[in-house]
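K.L.:
Fold the following for me, if possible:
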Amino acid sequence: MGEVSIPLPLFACRFVTYFVPEDLDLDLRTLRAIRVLRPLKLVSGIPSLQVVLKSIIKAMAPLLQIGLLVLFAIVIFAIIGLEFYSGALHKTCYSLEDANEIVPEGEQETPCYQDSPINSSHPSGAYICDHNTSICKEGWIGPNYGITSFDNIFFAMLTVFQCITMEGWTAILYWTNDALGNSFNWVYFVPLIILGSFFMLNLVLGVLSGEFAKERERVENRQAFLKIRRQQQLERELDGYVEWICKAEEVILAEERTTEEEKMHIMEARRRAANKRKKLKSMHNKSTDEEEEEEVEDEETPAGKVKLKGFARASYLKTKIKNKGACRAFWKAEKQFRFFIRQVVKTQTFYWVVIVLVFLNTVCVAVEHHDQDQYLTDFLYYAEFAFLGLFIFEMLIKVYALGPRIYFESSFNRFDCVVIAGSIFEVVWSSLKEGSFGLSVLRALRLLRIFKFTKYWSSLRNLVISLLNSMRSIISLLFLLFLFILIFALLGMQLFGGVFNFPEGTPAANFNTFPIALLTVFQILTGEDWNEVMYNGIQSQDGIHGGMIYSLYFIILVLFGNYTLLNVFLAIAVDNLANAQELTAAEEEDAEEEKERAKEELEKEIADLQMATTGSLDPPQVNICPPSPQSGAPGKGKTFPFQENQLEAGSKFKGTNDNNNIDVDEDYAPPREDDDEDEITGPKPMMPYSCMFICSPTNPIRRAAHFIVNLRYFELFIMITITLSSIALAAEDPVEEDSTKNRILNYFDYAFTGVFTVEMLLKIADQGVIFHPGAYCRDSWNILDAIVVICALIAFAFAGSSTGQNLSTIKSLRVLRVLRPLKTIKRVPKLKAVFDCVVTSLKNVFNILIVYILFQFIFAVISVQLFNGKFHYCTDASKLTQMECKGEYYVFSDADKPPKVERRQWKHQPFHYDNVMAAMLTLFTVQTGEGWPQVLQNSMDSTDEGKGPLPRYRIEMSIFYVVFFIVFPFFFVNIFVALIIITFQEQGEKELEEGELDKNQKSCIDFAIQAKPLQRYMPKNKDSFKYKVWKIVVSTPFEYFIMVLIVLNTVLLMMK
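P.N.:
Predicted coordinates:
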């Protein structure tokens, strides 16, 4: 059905476009554009796409609900924008000399605030025109050809949608600040970004992630079912064979019970039947029999004559040659030598020697840079031949030792063979023709061999295995993404092909050719400057008067491409990272079980040894020794009967005695349940240790400090103080340091610092400093508090002296006051749980960071090989070399103004690939998605080293950036996000593991505890007017009536 449903509409569209009369004035470009759906016919023939496609299709229903929610939010913010900014972006500065000439701010026009003739004051942050040369008045079409505005509901919704995508929203914020001031605009834009971008659009990720996991589990269950079904079928067939064998055994046993005369009779009957069949067969296949007889040859052997064919004869001849004298000794020595080489190849020494060679080769490739010395160039040239020879020798020796079949079974060995073959081809090609063929980039990929050491690192190995296992889903998604890009590129060529022509020139992102259309759609998918392409598309179709309908093309492309397809990458990353975590957890559990078994065996051996040495059958006793004087806690020794598995893992054996006892420290005694109950329900007890070797637990000062610290409202008072201190820090004026406001806030800072100092001293007096468990400095949060307080006290101590004012280090200590808000994390349990999740995820990110840096370095080396020294240009675009870029040239800025004379300069782009470090910085900028189209254009325009750019000279270089985006922003960056998600899920599961309830049971109990009965007001007198009004208010028609009024009111607000 799927194969038929797609071609039928395409055939219908072609039929209509062919048979419509030519004189009929209809624009059928949009109808013909449906032909771009033809590539979708490929989907039905690829089974591996079922998980990705079905997960997206089944997510459409919840995605539609999320879409309605987002649309509802967009409409609300659009209506608010209509009220605030309608017509505000059409005022700009016009010249006093020419009323139609706009005076730009810098390179572009800017909205301005129009002064009132009555009140000359203006709001803070507003842009005021220079009254000497210009005047602010209406008449400007607005920013971005008038598309960015809040003049009606459709323009406002498009502007709000652009802000939600977080592309260009800051420019809109600054324009509104220029037009109306910056007093209240943040109140509109900050909630818009938080609710719309950070929250609502990320709901798509949650839906796709859940559906992908369900679909993958469904497919795995189906595969398991098919496997079981196949196994059952094999078992049935095996049972049939077993039954047949049993029948044959019965026949054999029956034949053994027959007499000799019966056997002769049966054999004679079989012989006659065989002769009859042979005669019939020879009549039809006489010629075939003659050919077969010619192929048979006899060979004389010591045992007699045998018939050998094909490989059997060759094997026999080889064995015969080996058995002769010197040849036999040679083959024996060769076999021993090969065995020796195989043992050498499999040693760790050989493995690490190869790794060191790979590292040295990578270093030689990485040190290459622009304008390097000639001796370095020569050294790297000959070093490359040396390393190539070593790697060829390594490959040949492995093939000789392991054999070709075993060697090529390893994927790393196959990869090495491909890289070496490419290097050899490059050397041959370079000797025949000057210039590299471009295969030198493969040399950097040898660094992937380092992944071999993952077999010694379980967590990293499981991560790499999960990433490799996800390749099938990723390739399927990439194929689907390519079809999506292909369809929208073809559609964009139908709609915008050849129309992106503007007075300032054709923009780099256009739809004039198929390759550029593909790159333009890919750029929109990455989200970078997609709004600029949309502005050009609308402007090319008669602007805001007739081209606004074409914005739907870009909106659909962003929604389905950026927020749907690309989020599947994150769904795959979450799923595979969860699998990696499960593999690591399973291995850790196996290791723990192994340790437990070893511990049980050890305890059993100790018990057997005790009974063997004492000769007593009584179970040993466990004596708990009195605490040492350093512990500071009184205690008495106790004795418990010894039982298996009663000792904890941290038990310390002091030795054995003649009474069949085992002495254990008091610290390792099993806790009593009564103590736990007292600790939970009763007040927090004072620690039984001395404070700073001075204050004992009975000291009245320490008891008072303990009482104050554990007061019910003490933590609340500290929280309020932290909040007020944070507000005071935010209210300081960094420009005028000696202002009155800063002096007043400085007195408040003295008071806040005093409160925090008293808090620190009270806790130290109560808990002690550091030497015993539970001391003040044993908690990292307390150390942070102490550092902030001490630095503030030092800054205050030197603030009044001239020495302190001159020391920048002392001044910088006051900067640490900004850490005060972190004190709230410890005091809010849920906030501390979130912070712990972040810290835990940072610990787990180390494995991913290794793989990430390695791939980043590989791409940096490749980019140096491709673009080294090719990002230079002359300020005069007509000059292509540094030798030509000399002298002066004319710069024409405006037709009415005379040209300027400027000196030519030879420069390089801000982001370039002249060395590995600059390349890594450039690639890091590219993977953030900001400004990468300009780097792409510079790469495609690059020519040769030391020469200037030519437009689209090497368009094939765009493949490098497409692959880089797929590897890093689409996949690796999503793995970091997936790690945060997995960590939060594991943290929640750990909290549930502490109790006996699962997540659903806990939710039900929480709901039951927090649930309250619904109270509904109802007048007592049913005959009263109040009861009749109440009955109307609570009726269903009244609810629908109010809903209709709300909708009508919304429509009325939208019509402004």
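K.L.:
From now on I want contacts and neighbour counts done on CA atoms only, so please keep to that.
P.N.:
Will do.
K.L.:
Who are the packing partners of the lengthiest helix in the chain?
P.N.:
Taking DSSP state H as the criterion, the chain has its longest helix at helix 203-256. If contacts are counted by 3 or more CA pairs under 8 Å, 6 or more residues apart in numbering; DSSP states H and E, helix 203-256 sits against helix 50-58, helix 60-85, helix 566-614.
K.L.:
Turn the ones you listed into TSV, columns for mean pLDDT and mean neighbour count.
P.N.:
Below are these laid out as TSV (pLDDT from 0 to 100; neighbours: other CA atoms under 10 Å):
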stretch	mean pLDDT	mean neighbour count
helix 50-58	72	18
helix 60-85	88	17
helix 566-614	72	17
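K.L.:
of these, which approaches residue 206 most closely?
P.N.:
Residue 206 lies closest to helix 566-614 among those, at 8.2 Å (CA to CA).
K.L.:
can you pull the buried residues of stretch 401-410?
P.N.:
The neighbour-count check on stretch 401-410 (16 or more other CA atoms under 10 Å) flags 401, 402, 407, 408 as buried.
K.L.:
Please name the residues that touch the second one.
P.N.:
This means residue 402. Counting by CA atoms under 8 Å, 6 or more residues apart in numbering, residue 402 touches residue 342.
K.L.:
ok, so what distance separates it from residue 332?
P.N.:
17 Å (CA to CA, to the nearest Å).
K.L.:
before we move on, back to that, okay if I get the buried residues of stretch 401-410 as a markdown table plus secondary structure and distance to residue 173?
P.N.:
Putting the buried residues of stretch 401-410 into a markdown table (DSSP: H, G, I helix; E, B strand; the rest coil; distance: CA to CA, whole Å) gives the following:
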| residue | secondary structure | distance to residue 173 |
| --- | --- | --- |
| 401 | helix | 69 |
| 402 | helix | 67 |
| 407 | helix | 62 |
| 408 | coil | 60 |
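K.L.:
quick one: which of those is nearest residue 567?
P.N.:
Using CA to CA, those come closest to residue 567 at residue 408, 36.7 Å.
K.L.:
For the closest one, which non-adjacent residue is closest in space?
P.N.:
residue 414 (5.6 Å; CA to CA, 6 or more residues apart in numbering).
K.L.:
helix or strand for the one you found, which one?
P.N.:
helix 411-432 (DSSP states H and E).
K.L.:
For that helix, C-alpha coordinates in CSV please.
P.N.:
Provided in CSV are the C-alpha atoms of helix 411-432 (Å, rounded to 0.1, in the frame of the first residue of the first chain):
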residue,chain,number,x,y,z
SER,A,411,37.9,-4.0,11.6
PHE,A,412,40.9,-2.0,12.7
ASN,A,413,43.2,-4.1,10.5
ARG,A,414,40.9,-3.5,7.5
PHE,A,415,40.9,0.2,8.3
ASP,A,416,44.8,0.2,8.5
CYS,A,417,44.9,-1.5,5.1
VAL,A,418,42.7,1.1,3.5
VAL,A,419,44.7,4.0,5.0
ILE,A,420,48.0,2.5,3.9
ALA,A,421,46.7,1.8,0.4
GLY,A,422,45.5,5.4,0.2
SER,A,423,48.9,6.7,1.4
ILE,A,424,50.7,4.5,-1.2
PHE,A,425,48.4,5.8,-3.9
GLU,A,426,49.1,9.4,-2.8
VAL,A,427,52.8,8.9,-3.0
VAL,A,428,52.5,7.4,-6.5
TRP,A,429,50.2,10.1,-7.6
SER,A,430,52.4,12.9,-6.2
SER,A,431,55.4,11.4,-8.0
LEU,A,432,53.5,11.5,-11.3
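K.L.:
so where's the stretch 751-900 of the chain uncertain?
P.N.:
For the stretch 751-900 of the chain, the stretches with pLDDT under 70 are 799-814, 893-897.
K.L.:
excluding its backbone neighbours, what's nearest residue 562?
P.N.:
residue 525 (5.0 Å).
K.L.:
and that neighbour, what pLDDT?
P.N.:
As predicted, residue 525 sits at a pLDDT of 91.
K.L.:
cool, residue 268 as well?
P.N.:
pLDDT, read off for residue 268, is 73.
K.L.:
cool, and residue 532?
P.N.:
92.
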